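*Asks:* Return atomic coordinates for the entry below.
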Amino acid sequence: MPIGDPSFYLAALPAILIAGISKGGFGGGIALVAVPLMALVIPPAQAAAVMLPILILMDAIGVVAYRRLFDMAALRVMLPGALVGIALGGLAFDRLSPAALRLIIGVIALVFVASYACGGGARRAARKPSPWLGALCGAISGFTSTLAHAGSPPAQIYLLPLRVDKTVFVATSVVFFAAVNLIKLVPYALIGQFSATNLLTALILAPLAALGMVLGIRLHGLVDAATFYRLCYVFVALTGLKLIYDGLT
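*Replies:* Here you go, the predicted structure:
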């Protein structure tokens, strides 16, 4: 249905542009709004299937732009957990209610932001990385990313309090989700999500995805570190509220 449907593109065009700008400059904090926006006019599973090739294109651009700048130690902690989460997400794809998933992720995101606000926010010193927390966040991120491309809040629960340089933060997020999205190709293919219609629709939208990434990379250099981190937490809060609303309604 989407290929020539005007109502779909009214939702998809802004969704993909926002996702590209977010992934290119702000660590993907609001990129997860793409699937809910597209799901206003098409089934959520189809929206997720259309988005995955687009996300992989964005990831490729981001990896080139931020190569050699990511935190390898954080990736070593998070990626093994993400593999487990992706496997569980593939098994649960047709079993877990999308509304329940959105509600759970939204609550987690708001609790995370509330903890940041109550603990002094930007004044709080960077915490020492916790391997078990990184593995758990990686697993939850892989799980929610597989089901709805909504893996950013769990990943940011681990990454944001590390208080690394803003470019290192974005680079680490980009590389983490590049790996996650490539691995997700396996369960998506096994459950038959890559129809000709979905792939062609993704191809049509690909140029806008590239434009969004380029804009995000450019905007990233214009924001100072303190403002950057405040924006990240605001974006997590807004997406948390949006997910809770979607889950309840």
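
*Asks:* Can you pull out the low-pLDDT segments for the protein?
*Replies:* By pLDDT under 70, the weakly predicted segments of the chain are 1-4, 26-29, 98, 101, 105, 112, 115-116, 119-129, 225.

*Asks:* Give me the most central residue, it.
*Replies:* Ser152 (4.1 Å; CA atoms, centre = their mean).

*Asks:* What values do phi and psi take at that one?
*Replies:* Note on Ser152: backbone dihedrals following degrees, to the nearest 10 are phi -60, psi -50.

*Asks:* pretty sure it contacts Ala34?
*Replies:* No. Ser152 is beyond contact range of Ala34, at 11.1 Å (criterion: CB atoms under 8 Å). In this view, the C-beta of every residue, glycine as well, is placed from N, C-alpha and C.

*Asks:* I'd say Leu103 and Leu248 touch.
*Replies:* Yes. With contact defined as CB under 8 Å, Leu103 reaches Leu248; the gap is 6.7 Å.

*Asks:* quick revisit: and the residue nearest to the centre of the chain, how far is that from Ala189?
*Replies:* Distance, Ser152 to Ala189, using CB to CB, to the nearest Å: 23 Å.

*Asks:* list the contacts for Val110?
*Replies:* For the record, residue 110 is Leu, not Val. Leu110 makes contacts with Ala237, Gly240, Leu241, Ile244, as judged by CB atoms under 8 Å, 6 or more residues apart in numbering.

*Asks:* next one: Leu133
*Replies:* Ile157, Tyr158.

*Asks:* The one 3 residues further on too?
*Replies:* Applying CB under 8 Å, 6+ apart to Leu136 gives the contacts Gly81.

*Asks:* so it, which of the three states?
*Replies:* Classification of Leu136 by DSSP: H, G, I helix; E, B strand; the rest coil places it in helix.

*Asks:* any idea how far the residue nearest to the centre of the chain is from Leu160?
*Replies:* 10 Å.

*Asks:* overlap in contacts of those two?
*Replies:* Common neighbours of Ser152 and Leu160 (CB under 8 Å, 6+ apart) are Val236.

*Asks:* and the end-to-end length of stretch 216-229?
*Replies:* This stretch, stretch 216-229, spans 15 Å end to end (CA to CA, to the nearest Å).

*Asks:* what's it in contact with?
*Replies:* 20-26, 61-62, 65, 122, 160, 163, 165-167, 170, 231.

*Asks:* Repeat the analysis, applying 10 Å as the threshold.
*Replies:* Identification of contacts with stretch 216-229 by CB atoms under 10 Å, 6 or more residues apart in numbering yields 17-28, 31, 58, 61-62, 64-66, 116, 121-122, 160, 163-167, 169-170, 174, 230-231.

*Asks:* Return the members of those residues classed as buried.
*Replies:* Neighbour counting over the contacts of stretch 216-229 (16 or more other CB atoms under 10 Å) leaves 17-28, 31, 58, 61-62, 65-66, 116, 160, 164, 166-167, 169-170, 174, 231 as the buried ones.
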